[in-house]
Each structure stands twice: as C-alpha cells, then as structure tokens.
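Enquirer: Dropping a prediction and its sequence here:
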Amino acid sequence: MGQVAQGAQDSHGHGEHGALHKRSNDIFGSASNGKVGMWVFLMTDGLTFGGLLLAYGILRVRNPDWPHPSDYLGIGLSALATFLLICSSVSMVIAQAAGEARKPRKMLNYLLLTALGGAIFLGIQVYEYIHLFHAQGMSFSDFMHGPPQFSSTFFIVTGFHGAHVFSGVVYLLIMALRTAAGKYDDGNVDSVEVAGLFWHFVDLVWILVFTLIYLL
C-alpha cells in the first residue's frame, strides 16, 4: 500500500511538473530560459533609460536658457559613432547566422568585428568627453555656457549608456573565446543569440539617446 501511495504521489508530482512546463511553453513558446531572462532584464533596463530620458526632457522643457546641443556637442563625430554601432548590429546578425550554419570560424570573426565596433564607439565617446571638458567647460556639475543641468544630464545619460556598451564588448569577447574553444560547433548558438539581444538593445537605446540629446 505504501509503495502504491508513493507511486501515486510521484505520479502526481510529475503531473504537476508537466503541467507547469506546459504552461511555461504556452507563455514563452520555444524560448530558452536565457532568452526569457534577458528579455526580463532588458524590459527593466529599458525603464531605467526611459526614466533618465524623461528627466532630461522635463529639465529641458522647464529651462528657457537650455543651450542648443549643436552649438556645443560634436554631432558629426557622434553621428559617425552611431553609424558604427548600427553596423555592429548587422555584424552581430551575421555572426549568429554563421553559427547556426555551423561556420564557427566565420562567427568568431564577426563577433570580434562587432566587439571592435563597440570599442571604437567607446573610444569616440572618451575623446568627446575630453574635448567637452577642455574646450566647452563641461563637467558633471558645471557648464560655463549655461545651466549645469545641461552638462550633468548629458554625462549621466551617455555615461550610463557607455557602461552598457563596455559590458556588451566584454560579453561579446567572452562569446568569441567560447567560440574559439569550440563550444558552438554543433550549431547551438542560443547563448550567442542571448548576447545579441543585449547588443541590439544597446544599439536601439543609443539611437534614442542620440536623437533626443544631440539632434532635437
């Protein structure tokens, strides 16, 4: 009797697990746990960026002396950085497609190319920060040509995004090392796809930041 009861309990437990797994598949389809986790993270991270940009917009609208961005920010150089970041998204797509086609060498090359695009973007951002500090008198808490909020919001928003780019470059280099070690030779590149989700998010957010802070 005890064995029968235990068997019934095990069967009930497996049934609950199966039902839970089925409900999970109904919600997320064939998405892996890594993808679902990344989507949740990106949604919360998007809210953070949204809050920063909203705060920037409120400060700008309420301040009639807000400087015109094109008078002080290097829009041309930042446009080049934006182009490089968009190109890096394309190379990320190619890298994932190469991995799915079981061409690890090609995937490795395009992962490194994507990381290079991010590194160049960071280099341009550092150069811009140095130039703004020396030529325009911009610092985190001061701006010689207008309200200090112009400077502080610029560095907070672009710096926060720059931290994401740096994290993405490190993430991509880790994926490249794993690719070189043969981790994805079987064509299962789910981990690379998860990294791609993060990288595309970083690129998309920068387009919004560039539009709102540099162009409008």
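Expert: Nice, I can see it.
Enquirer: Show me how the record splits this protein into domains.
Expert: Listed by automatic domain parsing, the domain ranges of the chain are 1-29, 31-215.
Enquirer: Worst mean pLDDT among the ones you listed?
Expert: Ranked on mean pLDDT, the bottom entry among these is domain 1-29, at a mean of 46.
Enquirer: ok, back up a step: would you mind putting the domains of the chain into JSON lines with mean neighbour count alongside?
Expert: Glycine gets a C-beta too; all of them are placed from N, C-alpha and C. Listed next are the domains of the chain as JSON lines, based on neighbours: other Cβ atoms under 10 Å:
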{"stretch": "domain 1-29", "mean neighbour count": "10"}
{"stretch": "domain 31-215", "mean neighbour count": "17"}
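Enquirer: Now P67: phi and psi?
Expert: phi -70, psi 150 (degrees, to the nearest 10).
Enquirer: Could I get the contacting residues of it?
Expert: Residues near P67 by Cβ atoms under 8 Å, 6 or more residues apart in numbering: 143, 145-147, 150.
Enquirer: of all these, which two lie farthest apart?
Expert: Greatest spatial distance among those (Cβ to Cβ): H145 and P147, at 9.3 Å.
Enquirer: contacting residues for the residue positioned nearest the centre of the chain?
Expert: When the chain is reduced to its mean C-alpha position, the nearest residue by Cα atoms, centre = their mean turns out to be V202, at 2.9 Å. Shown in contact with V202 (Cβ under 8 Å, 6+ apart): 85, 161, 164-165, 168.
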